[in-house]
Structure formats: C-alpha cells, structure tokens
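Peer 1: A predicted structure for the sequence below; I have some questions about it.
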Amino acid sequence: MADTNTSQSTWPVSGLYFSVEISNVGVIDCRAVSGLETEFDAIEYRAGDSFEFAKNKQPALRKISDITLKEGRFVSDKKIWDYIGKVKMNTIQRETVTIKLLDESGNIVQSWQAVNAWTKKMQVEGFKPEGNIVAMEMLTLAHDGVKPL
C-alpha cells in the first residue's frame, strides 16, 4: 500500500532536461549532460624513517573530465556551429558554461559552472529514414574545472 503522507518533494528529480548557457554564445536546451566530475590522482609515499610497512596515500593533481552535451537539433539554430568555427590553432575562444538541471516546470534544481571551456568535438548523429527521430548533436567541451553553484 502506498504511503499517503509522501509529499511531492520527496520524489527524485528527473534528469531529462538541461539548459546550458555558454557566455557570448547563448542558451542551448540539452537532452543529456555528462562529465560533471572531478577526480584526483593519488601519490603513494613511504617516508624512509617510517615504522609502518605500508605506503601513505596523498592527493596529487586533479583530473578534469570533458563535458558532453547532447542536444536536440533545430533547423535554424546555427549558434553552436558559429562557436565551433571560432576554434583555430593557437586561438581558442574560452567561455564560461553554466549548466542548469531543470524540473518538469522549468525551475532550476541544480546548477554547475565550467570555466575556460572550449569546443573539443562536435558530432551529428547519423540520420535514419525510419521513425520520428530528431537529429541530435553532441558537443564535447574541454574546460579548466567545474563547480556547483
């Protein structure tokens, strides 16, 4: 039997809708976002005068994953392609990217910000003649770090 005292706020948030704002580019509505993570390398060290027969682990350099945005493609939307066209050897337009997880009503549930982001890869998924599938674009961004807002 279901608990009748369960409020609507106890249900998990659906992660199916994201709004991504790239400074100097605009807002993109995304179907999926991945790569919002940070990891640290570990250095194993044992001091020469240590009496323990084990190494001590210390945090080292931070590893930053690329962020991948998967968005619905709209025929007249060229702002992403224009942004990608600005990437040239030794000349990169770095931008601040704000990623917002939205609920079913469009309210912001959680936000993250990536700094000094630039387009690393753009991919358009293949087109299929059958079905009612929307063509999707995947945009991969390299950046210098992500933090929750």
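Peer 2: Looks like it came in fine.
Peer 1: list the contacts for Y17?
Peer 2: Going by C-beta atoms under 8 Å, 6 or more residues apart in numbering, Y17 touches D29, C30, R31, L101, L102, D103, E104, G106. For the C-beta atoms, the positions are set from N, CA and C on the backbone; glycine is no exception.
Peer 1: mind giving me the packing neighbours of the lowest-mean-pLDDT helix or strand in the chain?
Peer 2: For the chain, counting by mean pLDDT, DSSP states H and E, helix 79-84 ranks last in confidence among helices and strands (a mean of 78). Applying 3 or more C-beta pairs under 8 Å, 6 or more residues apart in numbering; DSSP states H and E, one finds that helix 79-84 contacts strand 26-34, strand 108-124.
Peer 1: list the buried residues of that helix.
Peer 2: Neighbour-count burial for helix 79-84, with 16 or more other C-beta atoms under 10 Å as criterion, is recorded at I80, Y83.
Peer 1: top of the contacts of Y17 by neighbour count?
Peer 2: Within the contacts of Y17, most neighbours by other C-beta atoms under 10 Å means C30, with 21 neighbours.
Peer 1: residues in contact with the closest residue to that one other than its chain neighbours?
Peer 2: In this structure, C30 finds its nearest non-sequential neighbour in F18, 4.2 Å apart by C-beta to C-beta, 6 or more residues apart in numbering. The contact partners of F18, taken as C-beta under 8 Å, 6+ apart, are D29, C30, R31, A32, V33, L69, I99, K100, L101, L102.
Peer 1: what is the nearest of the residues you listed to L139?
Peer 2: L139 has its nearest neighbour among the contacts of F18 in L69, at 4.6 Å by C-beta to C-beta.
Peer 1: in the chain, where is pLDDT below threshold?
Peer 2: Of all residues in the chain, those with pLDDT under 70 make up the ranges 1-16, 72-77, 126-135.
Peer 1: who does the residue nearest the centre of it bridge with?
Peer 2: In the chain, the residue lying closest to the centroid (C-alpha atoms, centre = their mean) is I67, at 3.8 Å. Bridge pairing for I67 (DSSP bridges) gives the partners L141.
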